[in-house]
Structures are given as structure tokens and as C-alpha cells.
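Colleague: 3D, please:
(2 chains)
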Amino acid sequence: MAAERKIKIALAGKPNSGKSSLFNKLTGLNQKIGNFPGVTVDKRTGMCQLSENLSAEIIDLPGTYSLYPRTLDEKVVAEVFADDNSMYYPDKVVLVADATNLKNCLLLLTQLIDLRLPTVLALNMVDLASKSGQSINVNNLEKLLDIPVVMINARNGTGIDQLKSILCSPQKPCDKIIYQPDPEIMPLVEKVKKQFKLNSDYKAYQFLQQADHLVFLSEAGRHFIRSLAKENNFFAYKYQGAETVKRYEFIQELLNKVIIRSSNDGWKKVSYGIDKVLTHKVWGYVIFFLVLFLIFQAIFAWAQIPMDFIDKTFAQLSSTLDNVFPSGPFFELISHGIVPGIGGIVIFIPQIAILFAFISVFEETGYMSRVVFLMDKIMRKFGLNGKSVVPLMSGWACAIPAIMATRTIENWKDRLITIFVTPFMSCSARLPVFTILVALIIPDTKIWGFFNYQGLVLMGLYLLGFVAAILSAFVMKLIIRVKERSYLIMEMPTYKMPKWSNVGYQIIEKTKAFVFEAGKIILAISIILYVLSSYGPAEVMSRAKESVQKEVANQNLTEAQIQDRIASYKLENSYAGRLGKTLEPLIKPLGYDWKIGIALVTSFAAREVFVGTIATIYSIGSSDDQVTIKQRLKSEVDPDTGKPRYTLAVGLSLLVFYTFAMQCMSTLAVVKRETKSWRWPLIQLSYMTTLAYVSALIVYQVLK
Amino acid sequence: MIPGETAVISGFTDELISVKLLEMGFLPGTAVRFNFTAPLGDPICVSVSGYDLSLRIEEASTISIVN
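Modeller: Reported below is the predicted structural model:
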């Protein structure tokens, strides 16, 4: 038997061409999501057995129309194809083309041919094309392009076997040259070609065109190209336009020879009909808000069931481990630090999965681009972009996937502003804090017998976050000056039924990204917090039991109550507790005491920790039961005034604080990753904290 | 142009955007149809080279047309 061989195959093509469907079909669940080095672009790779002794590593490249990049994602494509020393440089390329709209897809193909890459053209959605009365002469296309052409249906798998067998056979790069750089710049191209020892004129031309984008070039190499371009007054855009026109001339000529068309735009008409409703002046927005409402409902009501289940399971696991393990700091760290830490990550999975289920259904059906279309003008007024709608919506579930979703925004300024304001959207981690405080200070009565006061306040908090996001975006729009222009040149695909397996893959992928990217940080932070709040100066901590016992000697408490008091005493004297006390003068003007201070310190890393901390500090012990906590907080008295501690002023001030404050280490970490510097997360942190502090101060001082 | 109207592209007034527009299939000499506008009047939806695109007015206005 011949030795197993392995080749690398890249999938390229424009967005919506069915690239991901083909990738899923070829690799099944055998895929990995990683990052391209140095940039935060998802790299999807997977293994595929092509034949008995040949396996292929398939790389799914981001969708792009040409080698000239507009987004971060697209930059990667130009780079992968230009650097033949890269570990991603493919042995073969499959260009996935949408047969219903071939013209557009072939632009990239002609560039790949000129780069002398062995390319296979996979015509996808041939069935849809023939439905619209278009048939393609494949043999002719193959001959004219001098590359293999396969008809596939990436949704049901037709033609995949044929594609595999073509990929197995050796293929020489095509010798055809479709576009020859302009004669007046050929001397330059020759120089670059010689300097970097390249195998095609076009590759040299690409080096010349986008030296700044190709990060693999050495500083010296880049300098060589830059000075060469400068000396000769090389103006990149001028030639790019000319190149595109030349290529389309070739493509048009080609298509005239291979496409037999009879006009039948049946489905298009239906699609226009749907558009009439979905982008209608009134109905368009009504439907969009109904859809938003549905998402809201799903995230908050339906997700609650699995979340409660997860919560219970982890609480049980924690107490079971407590009983099984011998006592000792190491085992306590596992049962009280690590297990609840993991639980704190897993609990967000239902919401994230549901949110991305909706988003991917919208993307699959084509509704997403209509949402962008509907919202662009409004969002632009505030320095955002139609494409910011999705991240902002996602922000209601969790800012982490939301910030990851900003990658589709081409314009850097728009993207940065979206990243910056997304954490203002009230995420699900704020919900437990909101619920308990609202239940505490707002009466559970109805206004006009219909609206519940508590519900109104809760909705008001969400609105408050949204308004803060929009206004901050507006301010940033005025402050940040970037030369780069904002575009919205976006395809509006015809409506399609979603392919459910793609939706499934998308959910798995995003959830994985959350668990492994953000999860690591959340876990680390929860361990640190556990240590900070369980340990303090040794002599105080070791005396905890005695001190409490002395204090409560004549109070007739049960054993459990004493244990709770000890826990509370320990927290008070732990490092976190000390920090809370140090903060007291700072937060006094907001109406908070050191107990709330401790809760602020611990929830600095993740907001939801507030509830647990409050439970411990008021010696309610391990009970997470909201009713118990509520009653305990109600009876808490302010020693200075003798009145209840949690007045309306204090409660509202806390609510406002939690709405605005950036209390999520994971979000900061993701922002750092997406903006590639600590600058933005730090600005964000100080801006949001200041806003939270000042607003809470005003609320308390006015209402006091 | 009014919704439903068709025209032929004759050129571009903005070199930078033209590169992107060309890539998306806005070629001089091809027909373009203005389908409909977004409810707030911007962006607009047009058909070109056999498919639909959305453009901002600002971008669309850099395309010169002849009837």
C-alpha cells in the first residue's frame, strides 16, 4: 500500500456562494476553528479523506470578491495566496461559484489563475440556475478556462464525489494569462519578480499593489517595494480599476460562449414580493421589531429552563464534591472555586446558542441583509453602520459573541465604535442583579391594572443601556477622525430556505468560541476571586471561628446560623473584604456601605457574582434563593440613620451603576483581542466606570 | 432615477469607490436597474449584472449613467 499522502486545499469564493456548505460536506464534524496568526480572523480547517491513500487538509477562507481586501477577513485571503512559504499556502484551490450569478464569482477565479495556482471551479446551485432558465455548458467552460470544472450541489451533496476524484489527480497550474499588468508598469513588475524570485508576473504585481497588507513580507522587502512604487509614481487604485474592467471583459466574453439563457425570473419575482413586505415603510419595521421581540422572548424565557437546570446541576456537583473530598484548601478550591467557575461559563451556553441560531437563520435566509438595509440610515446618524445592528442585538445576550460578530463591518471606525458601545447593551449577566434589586425596591403592583411596575423598571433599564450605547456612539463619531470611508456595498441575496445543518454548525462553532476563548478568562478570574475572598491575613482568619462564637455566645443560634456567621466574618476579613472597606469613602456618596463595596469588588470581574457575594456577606450562607436574599436585604438597617439600608435611592443608584459599569473581564479581554491593543479596552473601562459612578452619584444625591 | 427605472452605466466620479463598485459588477456599459429604496430613503436596492445589491445614495451618486 502506498504511503498516506496529505495535501492542502483552500476553498475560496464570494460570500453566499455556498462555500461553508461545501466545507461542511467535505469535512463533516471533523473541523477545527482557529485563528490566522497575528489577526483575529477565524480560520476553519478540517480533514477530508479524498481517496484511500490521499487525505486533504481543507481550509475554508473568508468570502471575498477579489484579492483586493476591504475587511480584515479579506486581507487574509490575499495573504494566503501570495505567500508560498506560508503553512497555509494551498496545493490546490477550489473556487466555489454561485451558478446563478457566475459573472461575479469568476473575478476571483481569473486572479487565481494568474497567480498560477492549480484551481478547480466548483459550480454550485446549478439547480437554482436551471430553474431560472439558465444552463451552463460545462465542457466548453472547462476548455476555455483550461481548468477542471465540476457541477456540485453543496446542500444535498451531488457532485462531491466527482470533485474529490478531481482533487486526487495531479494538476499543473494553468498557463493561461488572463490579465497582463499594464505595459507602463511592467518594468516595475519585473523588478519585484526578480527581487522576490516569484513565479508569475501577477504575483509580483500583487506585491506591488498591496505591500502594506502582506504581513509576511520582511520590513526590508516592504521598504524595497514602497520606494520602488514611490520613485515611479505608482498609483495603486488607478490600476485596480483598469484590471477589474479588463477581467470582466474576459468574463463577459467567456459567459457569452457558455451560458444558454432563456428568461424566466420566476423565483426572483417571488423574492421581490417578499421584499415589498419585509422592507416596507411600516411593515418592514413592525416585522423587524416582532422578530426582535421573539429573540428577546427566547433568550429570557425559553433559555431560563436549561439555565436553571445547569445552575442546579453545578450547585449539586459542588456540594457532592464537598462531601466526597477530604477537607483541605486544595479540595475546597476545586469544589468552591473551579466547579462554580465552570458552571458560570456553561450557564451562558443556552442563551448564546439560541441567539446564534436566530442570527444564522437570518443569514441563511437572506433576511439579515434586509435588516442592515432597513437600519443603515438610522444607525449612521449615530456613527454606526447598518451592520452594527447584529452585534448590538447580540449584546443583549452576551457582549463577547457580540463583539466577535463585529468582524463583518468593513470600516474600521464603524467597527471600533460598535465594539466600544456594545457592552452598554444590558447583557444576561446583569439580569440576576437587576431582578433582585428591582424586586427589593419596586413594589409589585400594577399600573392601570395592566403594566407591572417591576416589569416597567426592568424594561427601562434595558432602554437606558441602549440609549447610553447610542449616545456614546454619537460622541465617538465626533471625536474619532479616520480618513477611511464607510461603505455599504452589499449583496442582497434572493430569499432561501435555511439549511438546518449549517445553522447547527454555526451554533456549535460560536458556542465553542465562547467556551474556549472567554471561558478561559472567566474561569481564571473566578479562581482568583475565590482565593481573594476566602483568604486573608492568617491570624485573623484562623481566629474567625472563636471570634464569631464569642460574639454569638448568648444569642441562641443554630449550628447552621453560626456557620453562616463564620462565612460572613471570613469574607469581611478576607482580602476582597478589606478592599471593599478601603473603598467605602469612595462609594459613600453613592449611598453604598462596605458590604456593597465588597460586592462591587467581586463583581468587577463578572457582574452576576453580585448575588452570590451579597448572599454570603449577609450570612445567608449558601442559599441562592432570591426570596431569602430579598427578605434579608429588606431587613438590613443603616446604622447611621436607623432606617432600612436599601432605600429607593440606594437601589436605583445601584441599578444605574450596574447598567453602565464595565464589570466584565472577559469582555475587556475580547476587546483587546479584537482591537489588538490594550488601549481601547482601557479607555472603555475608564469611560464606562466614570459614567457609572457619576450617574449613580446623581441618582442617589437627587433621590436621597 | 425613480424605482423601476433602468439606465446604462457610463463611468464613475470617485476613483476609490469605483474599484469596489467595479468588483461588484458595476461595469461601464452594463445596465443597472433601481429597484427600491429603504423606508427612510437611503440606502437603495439596485440590480446589476444579474443580481441585487444595496448601496448608499452617497455611493450610488458616484456612478454616472446615460439613459
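Colleague: contacting residues around stretch A:630-647?
Modeller: Outside of stretch A:630-647, the residues within contact range by Cβ atoms under 8 Å, 6 or more residues apart in numbering or on different chains are A:436, A:439, A:440, A:441, A:591, A:593, A:614, A:618, A:620. To be clear about C-beta, it is placed using only N, CA and C from the backbone, and glycine gets the same treatment.
Colleague: Let me fix that, I meant to ask about stretch A:692-700.
Modeller: A:589-591, A:649-650, A:652-654, A:656-662.
Colleague: can you check stretch A:275-293 too?
Modeller: With contact meaning Cβ under 8 Å, 6+ apart, stretch A:275-293 is reached by A:367, A:370-371, A:373-375, A:393, A:492, B:35-36, B:38-39, B:45.
Colleague: those strands in chain B, which residues are they?
Modeller: B:6-12, B:31-37, B:44-48, B:51-55, B:63-66 (DSSP state E).
Colleague: Direction included, what does the last one pair up with?
Modeller: Translated: strand B:63-66. strand B:6-12 (antiparallel) (DSSP bridges).
Colleague: again with the second one
Modeller: Listed by DSSP bridges, the sheet partners of strand B:31-37 and their directions read strand B:6-12 (antiparallel), strand B:44-48 (antiparallel).
Colleague: Show me which of those has the highest average neighbour count.
Modeller: strand B:44-48 (a mean of 21; mean count of other Cβ atoms under 10 Å in any protein chain shown).
Colleague: so how far is it off the chain centroid?
Modeller: Chain-centre distance of strand B:44-48: 6 Å, with Cα atoms, centre = their mean, to the nearest Å.
Colleague: Mind listing residues that contact it?
Modeller: Contacts for strand B:44-48 (Cβ under 8 Å, 6+ apart): A:275, A:279, A:373, A:492, B:9, B:24-26, B:30-38, B:52-57, B:60.
Colleague: number of nearby residues for residue A:662?
Modeller: By other Cβ atoms under 10 Å in any protein chain shown, the residues close to residue A:662 number 22.
Colleague: How about stretch A:9-23 and chain B, touching?
Modeller: No. Using Cβ under 8 Å from any Cβ of the partner chain, stretch A:9-23 never reaches chain B; the gap is at least 9.4 Å.
Colleague: Quick one: end-to-end length of that stretch, please.
Modeller: Using Cα to Cα, to the nearest Å, one end of stretch A:9-23 lies 11 Å from the other.
Colleague: What sits closest to residue A:376 if chain neighbours are left out?
Modeller: Leaving aside its sequence neighbours, residue A:376 sits nearest to residue A:386 (Cβ to Cβ, 6 or more residues apart in numbering or on different chains; 3.1 Å).
Colleague: which residues sit in contact with that neighbour?
Modeller: By Cβ under 8 Å, 6+ apart, the neighbours of residue A:386 are A:371, A:372, A:373, A:374, A:375, A:376, A:379, A:380, A:488, B:43.
Colleague: Of those, which pair is most distant in space?
Modeller: A:371 and A:380 (14.4 Å; Cβ to Cβ).
Colleague: Tell me what angle the helix of greatest length in chain B forms with strand B:6-12.
Modeller: As assigned by DSSP state H, the longest helix anywhere in chain B is helix B:15-23. Here helix B:15-23 runs at an angle of 140 degrees relative to strand B:6-12 (axes from the mean of the first three to the mean of the last three Cα atoms, to 10 degrees).
Colleague: angle of helix B:15-23 against strand B:51-55?
Modeller: 160 degrees.
Colleague: Give me the residues contacting helix B:15-23.
Modeller: Here helix B:15-23 has contacts from A:65-66, A:68, A:70, A:107, A:237-238, A:240-241, A:244-245, A:248, A:485, A:487, A:489, B:12, B:59, B:62-63, using Cβ under 8 Å, 6+ apart.
Colleague: CA atoms only: put that helix into PDB for me.
Modeller: In PDB, the C-alpha atoms belonging to helix B:15-23 read as follows (Å, rounded to 0.1, in the frame of the first residue of the first chain):
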ATOM      1  CA  GLU B  15     -11.800  56.600  -8.200                       C
ATOM      2  CA  LEU B  16     -11.600  55.000  -4.800                       C
ATOM      3  CA  ILE B  17     -15.100  53.700  -4.600                       C
ATOM      4  CA  SER B  18     -15.100  52.800  -8.300                       C
ATOM      5  CA  VAL B  19     -12.700  49.900  -7.700                       C
ATOM      6  CA  LYS B  20     -15.100  48.300  -5.300                       C
ATOM      7  CA  LEU B  21     -18.100  49.000  -7.500                       C
ATOM      8  CA  LEU B  22     -16.300  47.500 -10.500                       C
ATOM      9  CA  GLU B  23     -15.600  44.400  -8.500                       C
END
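Colleague: so which helix or strand takes in residue A:43?
Modeller: strand A:42-51 (DSSP states H and E).
Colleague: coming back round to it: which ones among the contacts of stretch A:692-700 are found in helices?
Modeller: Among those, the ones falling in helices (DSSP H) are A:649, A:650, A:652, A:653, A:654, A:656, A:657, A:658, A:659, A:660.
Colleague: chain center to the helix or strand harbouring residue A:246: distance?
Modeller: Element membership for residue A:246, per DSSP H and E: helix A:236-258. Centre-to-centre, helix A:236-258 and its host chain are 36 Å apart (Cα atoms, centre = their mean).
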